[in-house]
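Undergrad: this is a predicted model, with the sequence first.
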Amino acid sequence: MSEFVKPYNNDPFVGNLSTPVTTSTATKLYLGNLPIYRKGLSSLRRGLEIGMAHGYFLVGPFYLLGPLRNSESALLIGLFAAFGLILILTLALTIYGLATFQ
(Lines give C-alpha, C1' and ligand atoms only; values in the text may rest on other atoms or scores of the structure.)
Protein backbone atom coordinates (compact mmCIF):
# COMPACT_ATOMS: atom_id res chain seq x y z
CA MET A 1 0.00 0.00 0.00
CA SER A 2 2.84 2.39 0.75
CA GLU A 3 4.05 2.27 -2.85
CA PHE A 4 0.69 3.64 -4.04
CA VAL A 5 0.09 6.33 -1.42
CA LYS A 6 2.90 8.75 -0.68
CA PRO A 7 3.28 12.46 0.10
CA TYR A 8 2.56 14.86 -2.76
CA ASN A 9 5.82 15.79 -4.55
CA ASN A 10 7.64 13.76 -1.86
CA ASP A 11 7.07 16.59 0.64
CA PRO A 12 5.48 15.25 3.86
CA PHE A 13 4.68 18.76 5.11
CA VAL A 14 2.22 19.63 2.33
CA GLY A 15 -0.75 17.83 3.87
CA ASN A 16 -1.86 16.20 0.63
CA LEU A 17 -1.41 12.59 -0.43
CA SER A 18 -0.44 11.47 -3.90
CA THR A 19 -2.59 8.48 -4.87
CA PRO A 20 -3.23 6.87 -8.26
CA VAL A 21 -6.60 8.65 -8.38
CA THR A 22 -5.48 12.15 -7.39
CA THR A 23 -2.44 12.22 -9.66
CA SER A 24 -3.93 10.50 -12.72
CA THR A 25 -4.18 12.33 -16.02
CA ALA A 26 -7.91 11.66 -16.27
CA THR A 27 -8.55 13.36 -12.93
CA LYS A 28 -6.43 16.36 -13.90
CA LEU A 29 -8.24 16.70 -17.25
CA TYR A 30 -11.67 16.42 -15.61
CA LEU A 31 -10.90 19.01 -12.96
CA GLY A 32 -9.19 21.26 -15.50
CA ASN A 33 -12.37 21.38 -17.62
CA LEU A 34 -14.60 22.50 -14.76
CA PRO A 35 -15.63 26.16 -15.12
CA ILE A 36 -13.99 27.21 -11.86
CA TYR A 37 -10.54 26.15 -13.13
CA ARG A 38 -10.91 26.87 -16.86
CA LYS A 39 -8.68 29.66 -18.09
CA GLY A 40 -10.03 32.47 -20.25
CA LEU A 41 -13.53 32.66 -18.77
CA SER A 42 -14.82 35.92 -17.39
CA SER A 43 -16.22 35.81 -13.88
CA LEU A 44 -19.73 36.48 -15.20
CA ARG A 45 -19.56 33.58 -17.65
CA ARG A 46 -18.03 31.31 -14.99
CA GLY A 47 -20.82 32.13 -12.52
CA LEU A 48 -23.49 31.71 -15.18
CA GLU A 49 -22.18 28.29 -16.17
CA ILE A 50 -21.99 27.08 -12.57
CA GLY A 51 -25.40 28.53 -11.74
CA MET A 52 -27.06 26.92 -14.75
CA ALA A 53 -25.59 23.53 -13.87
CA HIS A 54 -26.82 23.75 -10.28
CA GLY A 55 -30.20 25.13 -11.33
CA TYR A 56 -31.22 21.68 -12.51
CA PHE A 57 -30.85 20.45 -8.94
CA LEU A 58 -33.45 22.99 -7.80
CA VAL A 59 -36.14 22.46 -10.43
CA GLY A 60 -35.88 18.66 -10.57
CA PRO A 61 -37.21 17.76 -7.11
CA PHE A 62 -40.16 20.15 -7.46
CA TYR A 63 -40.90 18.79 -10.94
CA LEU A 64 -40.62 15.09 -10.09
CA LEU A 65 -41.78 15.01 -6.47
CA GLY A 66 -44.07 18.03 -6.12
CA PRO A 67 -47.80 17.81 -5.50
CA LEU A 68 -48.59 18.73 -9.14
CA ARG A 69 -46.21 16.18 -10.70
CA ASN A 70 -48.97 14.50 -12.72
CA SER A 71 -50.34 17.69 -14.26
CA GLU A 72 -49.43 19.21 -17.61
CA SER A 73 -47.90 22.28 -16.00
CA ALA A 74 -45.61 20.39 -13.59
CA LEU A 75 -42.42 21.76 -15.15
CA LEU A 76 -43.66 25.36 -15.00
CA ILE A 77 -44.80 24.94 -11.40
CA GLY A 78 -41.44 23.38 -10.53
CA LEU A 79 -39.67 26.36 -12.10
CA PHE A 80 -41.78 28.82 -10.10
CA ALA A 81 -41.18 26.83 -6.92
CA ALA A 82 -37.41 26.95 -7.55
CA PHE A 83 -37.64 30.73 -8.12
CA GLY A 84 -39.55 31.04 -4.86
CA LEU A 85 -36.93 28.99 -3.03
CA ILE A 86 -34.15 31.17 -4.43
CA LEU A 87 -36.03 34.32 -3.39
CA ILE A 88 -36.65 33.03 0.15
CA LEU A 89 -33.02 31.93 0.53
CA THR A 90 -31.75 35.25 -0.80
CA LEU A 91 -33.86 37.21 1.67
CA ALA A 92 -32.97 34.95 4.59
CA LEU A 93 -29.24 35.01 3.88
CA THR A 94 -29.31 38.78 3.37
CA ILE A 95 -30.99 39.28 6.74
CA TYR A 96 -28.50 36.89 8.34
CA GLY A 97 -25.56 38.69 6.74
CA LEU A 98 -26.80 42.12 7.83
CA ALA A 99 -27.37 40.94 11.39
CA THR A 100 -24.13 39.00 11.75
CA PHE A 101 -21.48 41.02 9.89
CA GLN A 102 -22.12 44.57 11.10
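TA: Thanks, I have the structure now. In this text the structure is predicted, and so the values were computed from the model without any measurement. Numbering: from 1, shown residues only.
Undergrad: what's the distance between Thr19 and Asn9?
TA: Taking Cβ to Cβ, to the nearest Å as the measure, Thr19 and Asn9 are separated by 13 Å. Heads up, the C-betas are built off the backbone N, CA and C, glycines and all.
Undergrad: which one of these two is surrounded by more residues?
TA: Thr19 (13 against 9; other Cβ atoms under 10 Å).
Undergrad: surely Leu79 is in a helix?
TA: Yes - residue assignment for Leu79, taken from DSSP: H, G, I helix; E, B strand; the rest coil, places it within a helix.
Undergrad: give the contact list for it.
TA: Val59, Phe62, Tyr63 (Cβ atoms under 8 Å, 6 or more residues apart in numbering).
Undergrad: put together CSV for the residues you listed, with neighbour count, distance to Ala53 and secondary structure on each row.
TA: Supplementary listing: the contacts of Leu79 in CSV, determined by neighbours: other Cβ atoms under 10 Å; distance: Cβ to Cβ, whole Å; DSSP: H, G, I helix; E, B strand; the rest coil:
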residue, neighbour count, distance to Ala53, secondary structure
Val59, 18, 12, helix
Phe62, 21, 17, helix
Tyr63, 19, 17, helix
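Undergrad: now those as a markdown table including pLDDT?
TA: Putting those into a markdown table (pLDDT from 0 to 100) gives the following:
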| residue | pLDDT |
| --- | --- |
| Val59 | 89 |
| Phe62 | 91 |
| Tyr63 | 92 |
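Undergrad: save these as CSV, and put in distance to Arg38 too.
TA: As requested, these are arranged in CSV below (distance: Cβ to Cβ, whole Å):
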residue, distance to Arg38
Val59, 25
Phe62, 30
Tyr63, 29
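Undergrad: just the pLDDT at the residue nearest the centre of the chain, thanks.
TA: Within the chain, the residue whose C-alpha comes closest to the C-alpha centroid is His54; the distance, by Cα atoms, centre = their mean, is 5.9 Å. In the predicted model, His54 carries a pLDDT score of 83.
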